[in-house]
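# need a structure here:
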Amino acid sequence: MLKKRIWEILEISKENDNNSKYFDYFISILISLNVFAIILETEKTLASEYKSFFNYFELFSIFIFSIEYLLRIWSCVSAELYKNPLTGRIKYFFSPLAIIDLISIAPFFIAYFVVDARILRILRLLRIFRITKHIRYSKTFQIIVITIDKKKEELLSALVLMLCLLLICSTGVYFAENEAQPYKFSSIISSMWWAVATLTTVGYGDIFPITTMGKLFGSISAIFGVGLFAIPAGILASGFTADIEVKYKNCPHCGEKI
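As a prediction, the model looks like this:
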């Protein structure tokens, strides 16, 4: 019973479970404060003046997140999906949300075994991934994740289309501009920077076509770029809308239509 209750508290809160709600609020606030602290630490004056505070806050956060992670590993067998004491825990260990939890605490412990300053900087940067823990405690985030999972085949098709478009634009502008600008469009790979900047309609202006054929191809690429994000955005919007409609048309307790 204790295991089950701990699992219920750790998971996203149900309608009348106040203890679980308070825990969700606490963890969400702690995650937000962690992200805020990481941002403040980049200010050298603040980092040096409040170094002790940042260190103690990091230790406190790691302690809470580590206890939470261990309790999840211990109590996950209460869920039907992970009910086997051995294989269930292994399955949970490799689940996406468990991996996110591990990434949020791993850099702190790995840093004790690393002496290379460059790797330490990367590990410190990885702390920002703690913000992804919000996914577990936010119902809105969960709806988004479920929507992406439901629409993964359509999104994959859209991604393939986007990559094909990127390749076509890079190849076209390379053949149109290579002779006129051999240093800027030296290969199809180097032309991909221009293609990405154009298709996303950002257009940095550091690399641009100067030939008539290149300008024509650039114009066509920019027009194609308008629809580049419209396809996946439309897929996600329709899926998100459908999930919201189901949520409000069905009873929150039994799932039956109202």
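
# neighbours of Ser48, how many?
8 (other Cβ atoms under 10 Å). Every C-beta, even on glycine, is put in place using the N, C-alpha and C of the backbone.

# what's the answer for Ala158, then?
20.

# now do the contacts for it.
Contacts of Ala158 were listed using Cβ atoms under 8 Å, 6 or more residues apart in numbering, and they are Ile231, Pro232, Ile235.

# got the phi and psi for the last one?
I take that to be Ile235. With angles defined as degrees, to the nearest 10, Ile235 sits at phi -60, psi -50.

# what number of residues lie near it?
By other Cβ under 10 Å, neighbour count at Ile235 equals 20.

# OK, contacts around it?
So Ile235 contacts Lys151, Glu154, Leu155, Ala158 (Cβ under 8 Å, 6+ apart).

# now it: how far from Thr241?
According to Cβ to Cβ, to the nearest Å, Ile235 and Thr241 sit 11 Å apart.

# and the gap between Val173 and Leu30?
Counting by Cβ to Cβ, the separation of Val173 from Leu30 is 48 Å.

# okay, these two: which has more neighbours?
A count of neighbours by other Cβ under 10 Å puts Val173 above the other of Val173 and Leu30, at 27 against 18.

# just the pLDDT for the more buried one.
Each residue has a pLDDT score; the one for Val173 is 88.

# now the contacts of Ile235 as a markdown table including distance to Ser191 and pLDDT?
As requested, these are arranged in a markdown table below (distance: Cβ to Cβ, whole Å; pLDDT from 0 to 100):
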| residue | distance to Ser191 | pLDDT |
| --- | --- | --- |
| Lys151 | 31 | 78 |
| Glu154 | 29 | 80 |
| Leu155 | 26 | 79 |
| Ala158 | 23 | 80 |
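
# avg pLDDT for stretch 191-205?
pLDDT averaged over stretch 191-205 gives 80.

# that one spans what distance, first to last residue?
13 Å (Cα to Cα, to the nearest Å).

# and for stretch 6-24?
13 Å.

# do the same with stretch 197-208
10 Å.

# got the buried residues for it?
Using 16 or more other Cβ atoms under 10 Å as the test for burial, stretch 197-208 gives Ala197, Thr198, Leu199, Ile207, Phe208.

# contacts for it?
Applying Cβ under 8 Å, 6+ apart, the set of residues contacting stretch 197-208 is 165-166, 169, 184-185, 193-194, 218, 221-222, 224-226, 228-229.

# out of the buried residues of stretch 197-208, who's nearest Ile90?
Leu199 (42.2 Å; Cβ to Cβ).

# now stretch 88-108: buried residues?
Neighbour-count burial for stretch 88-108 [16+ other Cβ under 10 Å]: Gly88, Arg89, Tyr92, Ala98, Ile100, Asp101, Ser104, Ile105, Ala106, Pro107, Phe108.
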